[in-house]
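Asker: A predicted structure for the sequence below; I have some questions about it.
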Amino acid sequence: MAKERTLHEAGRRRSGVVDKNILSDAERARFWLAAIVNSSEDAIVSKDLNGIINTWNIGAERLFEYTAAEAVGKPITIIIPLELRHEETEILRRLRAGQVIDHFETVRVAKSGRRINISLTVSPIRDEQGRIIGASKIARDITRRVTVERALNESENRLRLAQAAAHIGTWEWDPRSGSSSLSPELHEIFDTDRAEPQHDQVWKARVHPDDLSRIQQAMLDSAHTGSMELEYRYYHPQRGLRWFFCKGRRFSDDDLRMFGIVLDITERKEAEERQRQSEEQFRALADSIAQLVWMAEADGSVVWYNRRWYEYTGTSPEQVAGWGWQSVSHPTWLPKIMERWKAALATGEPFEMEFPLRGADGVFRWFLTRAVPVREQRNRVVRWFGTNTNVHEQREANKALETSRQELNSALAQLTKAHEELEIRVKQRTADLERAEESLRALSGRLLQAQDEERRRIARELHDSAGQLLTALNMNLVPIQSEAHKLAPASVRAVSESLQLIEQLSTELRTISHLLHPPMLDEAGLEFALQWYVEGFAERSNIEVDFEFAPDLGRLSRDAEIAIFRLVQESLTNIHRHSDSATASVRVFREGEEIVARVSDQGRGMPAEYLDGRGIVKAGVGVQGMRERLRQLKGNLKIHSGPGGTTVEAILPAPVAQLSTPAQAV
């Protein structure tokens with residue numbers, strides 16, 4: 001193994017300078033052997049009896065695409081297709097038997113997956129004792145030969161099939177005697193009977209009348225020229241009118257007999273006629289469209305233009321034939337056009353470019369020129385088909401559009417700037433409004449506070465001053481009433497009525513004072529104040545009120561208690577005045593981190609003009625006052641009304657509504 005690698009490496013150094021004087025005869029032999037192996041165009045590989053590669057020459061690298069470093073030490077099956085692995089088993093078996101495998105043709109696979117046809121010669125390698133220790137393989141690439149042989153066989157098969165399908169018939173004619181003989185194939189083509197002595201008369205009767213004299217003249221001329229070639233028409237009894245091609249020549253100068261063939265070319269003629277009609281239709285179509293249309297040979301030489309081309313350019317076919325179209329191209333653009341056109345001709349890629357063409361009026365206008373290659377079955381370009389589309393107005397429109405776009409962008413930039421300035425002013429105005437609103441809210445809060453203070457002051461004045469005066473008046477009238485026996489009946493009656501009026505007035509003053517600001521709200525808290533108010537309301541209004549106050553609420557802040565009391569007071573007053581409801585409910589409870597006060601009735605609901613379409617009440621004076629009072633406490637107000645009644649709900653955040661310290665209850 002090491003020796004074989006040394007030989008391989010020595011071969012790789014064959015281009016270097018080696019001092020032959022320092023090498024032994026054996027080393028020189030190995031050196032030259034390695035050089036021969038690595039200079040061979042064939043792949044030369046050695047392997048052991050397990051199929052493991054030992055050496056791999058440059059020819060193997062070139063053929064199989066694996067480097068020696070990649071291949072040595074690997075199984076030989078890396079280059080054998082999966083379906084042919086059984087060949088290696090048979091090769092190893094024959095090697096162990098000492099047999100040589102000579103010119104075995106098979107297929108191997110390269111690193112890239114490319115399949116290679118090879119001719120394989122395998123010889124056993126023996127050691128000094130003559131034991132077989134491995135094998136050497138010489139693989140020659142025969143892919144090209146196999147491909148050529150396969151193509152040749154296919155070509156021969158196609159030729160045989162073509163001859164059979166073409167029904168080519170042969171004939172022989174002696175000008176001196178006028179006698180002729182036809183092959184069986186030709187009798188079949190003519191639909192004549194070779195046993196019929198007058199078959200030539202049958203043939204003559206079926207030849208198209210316009211072609212018969214021409215055939216006869218060609219036969220006479222061939223007696224002198226020694227050859228003839230013509231096409232003619234023939235009426236076949238079953239297949240109708242057919243076209244035949246006839247060609248013949250003299251056997252030799254000494255032998256005047258003529259030998260020739262007849263070929264049915266009806267399909268070709270029909271194809272030519274279809275092509276002629278198609279070309280006429282194409283030209284008619286090409287002349288009817290607005291584009292300039294042209295066709296060029298594979299080398300770029302233009303051979304045809306449509307009518308629109310000549311109308312636009314004002315040229316003649318002689319002026320623009322071949323490469324004459326350059327005369328109507330703009331001289332500034334012509335070098336670039338030629339560069340791009342020649343590049344398309346060289347690569348076979350489609351051509352597309354915009355450039356100006358001169359019109360008959362001398363004005364250059366922009367055209368979009370496109371050309372596509374027309375290829376044959378073998379993908380070879382045989383012709384180019386091109387069009388020139390007038391895009392001058394489109395370009396002008398695009399230019400105008402670009403100008404408009406720039407103007408629009410400029411206007412948009414100005415508008416954006418104005419918008420930004422407006423946004424700044426709006427933000428400033430919004431900030432001013434927010435400050436004003438904040439001031440208004442602060443003022444509203446102070447007004448509400450002042451209103452509550454004024455209510456408290458008036459309630460105290462009524463209770464203290466007016467109440468004391470009524471008490472004093474009552475005390476003055478009571479002694480007089482005790483002396484009633486001394487008074488006239490009318491005076492007694494007046495004193496008694498005055499005392500009743502004083503009692504009634506005292507009651508009214510207490511009620512008004514408590515409604516303005518119930519002292520119980522400060523002294524006993526919201527629950528007892530609401531309980532007192534609800535009972536008094538029910539007694540005064542004859543409306544049954546269901547009152548519920550959650551026991552876990554305790555005392556709330558002074559502002560929160562006033563806000564809830566005023567909400568209940570305002571809501572129940574509205575129920576009494578507007579709802580026609582016989583019942584009402586008042587509930588104050590905790591819901592999560594919020595305290596809720598809810599007043600509802602089962603009345604007729606509020607009028608439609610007070611609603612926003614979703615049953616939500618619009619803000620009026622009373623509603624706005626309740627909402628502002630709650631806003632001061634970071635709460636909010638919800639009012640829903642409909643045919644089934646109205647619900648007013650105040651929601652306050654518990655941390656704001658509740659007392660922060662017990663001292664606040666004082």
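Answerer: Received the coordinates, thanks.

Asker: Please enumerate the helices of the stretch 51-200 of the chain.
Answerer: 58-64, 68-71, 85-96, 143-166, 184-190, 199-206 (DSSP state H, counting those that start in this stretch).

Asker: out of these, deepest packed?
Answerer: Stretch with highest mean neighbour count among the helices of the stretch 51-200 of the chain: helix 58-64 (a mean of 21; mean count of other Cβ atoms under 10 Å). No exception for glycine: its C-beta is placed from N, CA and C like everyone else's.

Asker: Outside of that helix itself, list whatever touches it.
Answerer: By Cβ atoms under 8 Å, 6 or more residues apart in numbering, the residues outside helix 58-64 that reach it are 11-12, 38-45, 66-68, 71, 79, 108, 110-111, 116, 118, 139, 141.

Asker: Go again with 6 Å.
Answerer: With Cβ atoms under 6 Å, 6 or more residues apart in numbering as the test, helix 58-64 has contacts from 38, 40-43, 45, 67, 79, 110, 141.

Asker: Also stretch 392-404?
Answerer: For stretch 392-404, with Cβ under 6 Å, 6+ apart as the criterion, the contacting residues are 365-366.

Asker: List the buried residues in that stretch.
Answerer: Using 16 or more other Cβ atoms under 10 Å as the test for burial, stretch 392-404 gives H392.

Asker: now stretch 280-292
Answerer: Under 16+ other Cβ under 10 Å, the buried positions of stretch 280-292 are 286, 291-292.

Asker: Same list (those) but as TSV, adding secondary structure, distance to K486 and pLDDT.
Answerer: Below are the buried residues of stretch 280-292 laid out as TSV (DSSP: H, G, I helix; E, B strand; the rest coil; distance: Cβ to Cβ, whole Å; pLDDT from 0 to 100):
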residue	secondary structure	distance to K486	pLDDT
A286	helix	143	71
Q291	coil	137	85
L292	strand	141	90
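
Asker: Considering those, which is situated nearest to I189?
Answerer: Nearest to I189 among the buried residues of stretch 280-292, counting by Cβ to Cβ, is A286 at 39.9 Å.

Asker: How about the contacts made by the closest one?
Answerer: Applying Cβ under 6 Å, 6+ apart, we find A286 in contact with 293, 306.

Asker: Any idea how far stretch 641-658 is from the middle of the chain?
Answerer: 53 Å (Cα atoms, centre = their mean, to the nearest Å).

Asker: same thing with stretch 219-229?
Answerer: That offset, for stretch 219-229, works out to 73 Å (Cα atoms, centre = their mean).

Asker: buried ones in that stretch?
Answerer: For stretch 219-229, using 16+ other Cβ under 10 Å, the buried residues are 219, 222, 228.

Asker: what helix or strand does the nearest residue to G359 once chain neighbours are set aside sit in?
Answerer: Nearest non-adjacent residue to G359, counting by Cβ to Cβ, 6 or more residues apart in numbering: Y312, 5.5 Å away. Assessed by DSSP states H and E, Y312 sits inside helix 307-313.

Asker: Following element in sequence after that helix, please.
Answerer: helix 317-320.

Asker: in that next one, what counts as buried?
Answerer: V320.

Asker: State the mean pLDDT of that helix.
Answerer: Per-residue pLDDT values over helix 317-320 give a mean of 89.

Asker: hey, where'd the strands end up in the stretch 301-450 of the chain?
Answerer: 302-305, 351-358, 364-375, 381-390 (DSSP state E, counting those that start in this stretch).

Asker: ok so, going back, let me know the closest of the contacts of helix 58-64 to R126.
Answerer: Nearest to R126 among the contacts of helix 58-64: V45, at 17.3 Å, using Cβ to Cβ.

Asker: unless I'm mixing things up, the closest one is touching S136, no?
Answerer: No: using Cβ atoms under 6 Å, V45 is not in contact with S136; the gap is 7.3 Å.

Asker: The two: who's more crowded?
Answerer: V45 (26 against 16; other Cβ atoms under 10 Å).

Asker: The closest residue in space to the more buried one that isn't next to it in sequence and L152: what is the separation?
Answerer: In this structure, V45 finds its nearest non-sequential neighbour in K137, 4.7 Å apart by Cβ to Cβ, 6+ apart. Counting by Cβ to Cβ, to the nearest Å, the separation of K137 from L152 is 29 Å.
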